[in-house]
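Peer 1: give me a 3D structure for the following:
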Amino acid sequence: MLESTISRRTIAGVMGQPGATALIQLAIAAALLGLIVYTFLPAEKRRAWGRKALLWGGVAFLVLLLVTGRLHWIFAIVAALWPLAMRLWPLIRAWPLLRRWLGGGQASADSGDTGAAGSRRRDTRRAGPLSREEACEILGVPTDADAEQIRSAHRRLMQRLHPDRGGSDYLASRINAAKRRLLDE
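Peer 2: Numbering: from 1, shown residues only. Got it, this is the predicted structure:
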């Protein structure tokens, strides 16, 4: 009885090995073929093709794990990571806000200023020195405003639009330039 069990295990091990080797060779060939196709694609199609290849590669990997009986490891990893994912879900949902809060000022400076409704719009004015009318419009003061009104308007706007409080570097620099323009006269 012991001899027949040993011989069955040996035969199953020997018979299973060429199949595993063939699957590994097939996976390597598919990866090399995919890499060759990827290099010949135009740049605008590479990203979409890469996503598809990653998706189908993941599906093939799951099928391989299913066929070989090792899929239980995936379920164990998912079950172990599920509580962590649930704890991180609010952070993931708030990622755009955190990105803007932590370092979005530089990105905002390149892409224009924020309009009254919070939507982004491109500033179409010239980038040179401000005229007196533009400076008054930015600060929201009349053209005959005195220094105290200008400082008050500057302080009020900077409290709302300072980069440390969620505003952008672009808006802060425009507000500061408007204050300098009006007070240097």
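Peer 1: wait, I138 sits on I175?
Peer 2: Yes. In this structure, I138 is within contact of I175 by Cβ atoms under 8 Å, at 6.3 Å. For every residue, glycine as well, the C-beta is placed using N, CA and C.
Peer 1: can you list residues touching both of those two?
Peer 2: The contact sets of I138 and I175 do not overlap (Cβ atoms under 8 Å, 6 or more residues apart in numbering).
Peer 1: where does pLDDT dip in the chain?
Peer 2: 1-20, 103-128, 185 (pLDDT under 70).
Peer 1: quick one: the helices in this structure, in order.
Peer 2: 2-40, 43-68, 72-93, 95-111, 132-139, 147-161, 169-183 (DSSP state H).
Peer 1: tabulate the ones you listed (a markdown table), appending mean neighbour count.
Peer 2: Shown next, in a markdown table, are these (neighbours: other Cβ atoms under 10 Å):
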| stretch | mean neighbour count |
| --- | --- |
| helix 2-40 | 10 |
| helix 43-68 | 12 |
| helix 72-93 | 10 |
| helix 95-111 | 13 |
| helix 132-139 | 17 |
| helix 147-161 | 15 |
| helix 169-183 | 18 |
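Peer 1: how far away is the residue nearest to R46 when sequence neighbours are not counted from D146?
Peer 2: Spatial nearest neighbour of R46, excluding adjacent residues (Cβ to Cβ, 6 or more residues apart in numbering): Y38 at 6.3 Å. With the distance defined as Cβ to Cβ, to the nearest Å, Y38 ends up 66 Å from D146.
Peer 1: now swap in R47 and tell me
Peer 2: Relative to D146, R47 is positioned 56 Å away (Cβ to Cβ).
Peer 1: do the same with F75
Peer 2: From F75 to D146 the distance is 72 Å (Cβ to Cβ).
Peer 1: also M86?
Peer 2: M86 is 57 Å from D146, by Cβ to Cβ.
Peer 1: how about P142: what's its closest non-neighbour residue?
Peer 2: C136 (6.7 Å).
Peer 1: you'd agree that neighbour is up against A145?
Peer 2: Yes. With contact defined as Cβ under 8 Å, C136 counts as touching A145 (6.9 Å).
Peer 1: any shared contact partners between these two?
Peer 2: By Cβ under 8 Å, 6+ apart, C136 and A145 have these common neighbours: L182.
Peer 1: who are the contact partners of I138?
Peer 2: When contacts are counted by Cβ under 8 Å, 6+ apart, I138 touches L130, R174, I175, A178.
Peer 1: and what of A153?
Peer 2: The contact partners of A153, taken as Cβ under 8 Å, 6+ apart, are L139, G140, V141, A145.
Peer 1: what's the nearest residue to it if we skip its chain neighbours?
Peer 2: L139 (4.3 Å).
Peer 1: so how far is H162 from that neighbour?
Peer 2: Separation of L139 from H162 (Cβ to Cβ) stands at 15 Å.
Peer 1: okay then, goodbye and thanks.
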